[in-house]
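A.B. asks: Pasting the sequence and the predicted model now:
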Amino acid sequence: MNQINKALTNPISRPVKVLQFGEGNFLRGFVDYMIDIANEKGLFQGNIVIVKPIEHGTLTAFKNQDCQYTVSLRGLVEGNPGVINRQITSVEAVIDCYEEYSRFCQLASLEDLRFIISNTTEAGIVYDPCDSREYMPPRTFPGKLTEFLYRRYLHFQGDFSKGLIMLPVELIDDNGIVLKQCVLDYIKLWNLESEFQLWVEKACIFTSTLVDRIITGYPKNEEEEWEKLGYRDSLLVTGEPFALWVIESNEDISQEFPLDKAGLPILFTTNQKPYKQRKVRILNGAHTSFVMASYLCGNNIVRASMEDETIFQFMKNTIFREIIPTLSLPKEELEQFAHEVILRFKNPYVDHSLLAISLNSVSKWRTRCLPSLQDYWNKYNVLPSHLTFSLAALAAFYHGKEIRDNALIAYRDKEEYTVIDDSQVLHFFQKHYDSPVPVFLEDLLSQTSFWGRNLNEIPGFLEAVTGNYLDIQELGMRNALCKLINE
């Protein structure tokens, strides 16, 4: 069986418009996939050069395949299970900026280069005062970017038309704003000229972005997948069909980056916060509100939860009755997004573990569920019953008296499972294993380090959570849920 390469895909030659820091699955299955479609439709006409931004790892697979690879999207398409395969041909080359530093620097002089895209993990956008140009390359991603921009500034003698547009997709708030500040901090640290700083501030655009697509990565049954494709592909990446890319910028870049005109789910805005709030509260909030209750009902994965009528009804009530009423975007738009989320949860190709989602649930509940609960109370002066129940379910899920290998040991019937969270959180629950329920829950709600505030101050909240918790203890999780749903 042949391996995918340029002889097989016959890619079209285009100018390099995109420098991409990061070669991982997400960028290849999300960003590069979209650019490839826009290229095919004649709307972008630009190829990508990928830069490996860290020392470890290898680019051998890319070089063996001439940077050609396949994206396989699997999920519910128009309500039915489906697979969409696409050969990605828009990656021109890959560069290791540690082993090929001079080649990396030469890219700064590319005439048609316009975009910098990055995904260097949440820890990648960081300022390190010990970083230096003399390391060649600088250690941090913002350091590398500053050096790259400086070389471009020098090569084009400060020409404002040669500035670049930054599109970071790292999962941190205001990623573009944070990245720009890091660059400005390095300019000051390295004593680079003020004219260069002006060029960065006036000629370059730092966007902040929100991205959404589940990328499941490389399939386990590779030989079987290769047989279906008809060729070998060591870079095959799988994911779900759903995608969303929200790009926030004060300057309109939609004409230069017209991926939306290719029918792709790109949204240009001057404020991405409502869309992030929508994602965090509906998608992530739904996960955190039902996964622990679902696990204690006997389910192990998200899809099984969606097939469990009790859990499914609990989730729908939480989203449509308690979360959506607290959000600012139009109701129709929010409900459409919620229905898409439900289809994603039902994806027959993804076995999303409930225990994996449950990691660090205390901090997740604080950021994903508590804001909806507080906003609902402020708006209606009534507690949202399902979100309230979700905290009682969390307390029941964290019920364990032994810490082993940095995890709290708990039991579903007689089956052992591990609860993974910060040490402070685990030791709190261990300490209260035998405490009377009212004492335990009042102390839990008072932990400002967990919740950012004393939740006992919310009128009636302690009493409601206590009632839910006692129902879980006395009736079992499923019967307690049924009682809640039928009230």
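C.D. replies: Yep, that arrived.
A.B. asks: When you work out contacts or count neighbours from here on, use the C-alpha atoms and nothing else.
C.D. replies: Noted.
A.B. asks: Any buried residues in the helix or strand bottoming out on mean pLDDT in the chain, and which?
C.D. replies: In the chain, the helix or strand scored least confidently by mean pLDDT, DSSP states H and E is strand 215-217, which has a mean of 88. By 16 or more other Cα atoms under 10 Å, the buried positions in strand 215-217 come out as 215-217.
A.B. asks: Would you map the helices across the stretch 1-150 of the chain?
C.D. replies: 6-9, 25-29, 31-40, 60-64, 101-106, 141-155 (DSSP state H, counting those that start in this stretch).
A.B. asks: Using CSV, lay out the ones you listed together with mean pLDDT and mean neighbour count.
C.D. replies: What follows is the helices of the stretch 1-150 of the chain, written out as CSV (pLDDT from 0 to 100; neighbours: other Cα atoms under 10 Å):
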stretch, mean pLDDT, mean neighbour count
helix 6-9, 97, 13
helix 25-29, 96, 22
helix 31-40, 98, 21
helix 60-64, 97, 15
helix 101-106, 98, 15
helix 141-155, 98, 21
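A.B. asks: closest to Y398 out of those?
C.D. replies: Of all the helices of the stretch 1-150 of the chain, helix 25-29 sits nearest to Y398, with 31.9 Å by Cα to Cα.
A.B. asks: what does the domain assignment say about the chain?
C.D. replies: Here the domain parsing of the chain from automatic domain parsing is 6-269, 273-486.
A.B. asks: any idea how far Q447 is from the residue of the chain positioned farthest from its centre?
C.D. replies: In the chain, P436 marks the outermost C-alpha relative to the chain mean, sitting 39.0 Å out by Cα atoms, centre = their mean. In this view, P436 and Q447 are 17 Å apart by Cα to Cα, to the nearest Å.
A.B. asks: and the next helix or strand after the least confident helix or strand of the chain, how far from the chain's centre?
C.D. replies: Going down the chain from strand 215-217, the next helix or strand is helix 222-229, by DSSP states H and E. Offset of helix 222-229 from its chain centre (Cα atoms, centre = their mean, to the nearest Å): 28 Å.
A.B. asks: Start the count at 634 instead of 1 going forward.
C.D. replies: OK, 634 is where the count begins now, so the last one is helix 855-862.
A.B. asks: how about helix 855-862: buried residues?
C.D. replies: Going by 16+ other Cα under 10 Å, helix 855-862 has these buried residues: 858-859.
A.B. asks: ok, residues contacting that helix?
C.D. replies: 852, 865-866 (Cα atoms under 8 Å, 6 or more residues apart in numbering).
A.B. asks: do the same with stretch 679-692
C.D. replies: 647-656, 665, 672, 723-731, 737, 753, 774.
A.B. asks: Same question for stretch 883-894.
C.D. replies: 667-668, 671, 676-677, 838, 899-901, 903.
A.B. asks: give me the number of residues near T1081?
C.D. replies: Other residues near T1081 number 11, with proximity taken as other Cα atoms under 10 Å.
A.B. asks: Equivalent analysis for T703, please.
C.D. replies: Quick note: T703 (other Cα under 10 Å) scores 22 neighbours.
A.B. asks: do A1097 as well
C.D. replies: 15.
A.B. asks: sec struct for it, please.
C.D. replies: Put simply, A1097 is helix when judged by DSSP: H, G, I helix; E, B strand; the rest coil.
A.B. asks: list the contacts for the residue nearest to it when sequence neighbours are not counted?
C.D. replies: In space, and not counting its chain neighbours, A1097 is closest to T1021: 7.1 Å by Cα to Cα, 6 or more residues apart in numbering. The contact partners of T1021, taken as Cα under 8 Å, 6+ apart, are 1006, 1094, 1097-1098.
A.B. asks: now N932
C.D. replies: Per Cα under 8 Å, 6+ apart, neighbours of N932: 938, 987.
A.B. asks: quick one on the thing from earlier: would you mind listing which of the contacts of stretch 679-692 are buried?
C.D. replies: Buried among the contacts of stretch 679-692 by 16+ other Cα under 10 Å: 649-656, 665, 672, 723-731, 737, 753, 774.
A.B. asks: from the contacts of helix 855-862, which is closest to L988?
C.D. replies: Once Cα to Cα is applied, the member of the contacts of helix 855-862 that ends up nearest L988 is P852, at 21.0 Å.
A.B. asks: That closest one and V870 touch, don't they?
C.D. replies: Yes - between P852 and V870 there is a contact at 7.3 Å, judged by Cα atoms under 8 Å.
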